[in-house]
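*Asks:* next one to model:
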Amino acid sequence: MSQNFPLFSERAKSGIMLFDKYAVFLRDDDIIQIQMKDNFDCKLADSQKMLECIIQLSNNKKYPLLSIYGHNNSFTKEAKEFVANSSSTLADGLVGYNVIFNLLGNLYIKINQPNRPTRLFNNVENAVEWLKQFNSH
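*Replies:* Numbers count the residues shown, from 1 in each chain. Next up is the predicted model:
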């Protein structure tokens, strides 16, 4: 994955904010993309930094969020609560590629109850199609 990280970087409308375990940028379809590398254990400070990036890229406007997960990503309870209560995106499309992602993602939605539309997807194309409806204003 690292040689082609982040995915869809050719779609970047903004600069790409690249960190050790994730990247964030505004795409040319007005969707903010966060992509995490494999084996990333997301703590509260990481979630706070991601939110800072989203706020910086959004320039006082709200965009939908495409969040692409790597293999074996995990999130602390505090990180999940912080993300669920954030109000800086219009909707969140979460993309993962295995059964564990689906299980943990569904638990996150059920337990943390994000305060904006949030759905799980197993491919980027379907997530982007769903997210585009939130940009029609």
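*Asks:* from here on, contacts and neighbour counts on C-alpha atoms
*Replies:* Will do.
*Asks:* just for the protein, where's the confidence low?
*Replies:* When residues are selected by pLDDT under 70, those of the chain lie in 1-3, 136-137.
*Asks:* try it again with 50
*Replies:* The chain contains residues with pLDDT under 50 at 1-2.
*Asks:* strands of that one, start to end?
*Replies:* Along the chain, the segments classed as strands by DSSP state E run 17-18, 22-26, 32-36, 41-42, 63-68, 74-75, 89-95, 118-121.
*Asks:* dump those strands into JSON lines; add distance to Val83 and mean neighbour count as well.
*Replies:* Output for the strands of the chain, formatted as JSON lines (distance: least, C-alpha to C-alpha, whole Å; neighbours: other C-alpha atoms under 10 Å):
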{"stretch": "strand 17-18", "distance to Val83": "19", "mean neighbour count": "14"}
{"stretch": "strand 22-26", "distance to Val83": "15", "mean neighbour count": "24"}
{"stretch": "strand 32-36", "distance to Val83": "13", "mean neighbour count": "24"}
{"stretch": "strand 41-42", "distance to Val83": "11", "mean neighbour count": "16"}
{"stretch": "strand 63-68", "distance to Val83": "12", "mean neighbour count": "24"}
{"stretch": "strand 74-75", "distance to Val83": "10", "mean neighbour count": "17"}
{"stretch": "strand 89-95", "distance to Val83": "10", "mean neighbour count": "23"}
{"stretch": "strand 118-121", "distance to Val83": "11", "mean neighbour count": "18"}
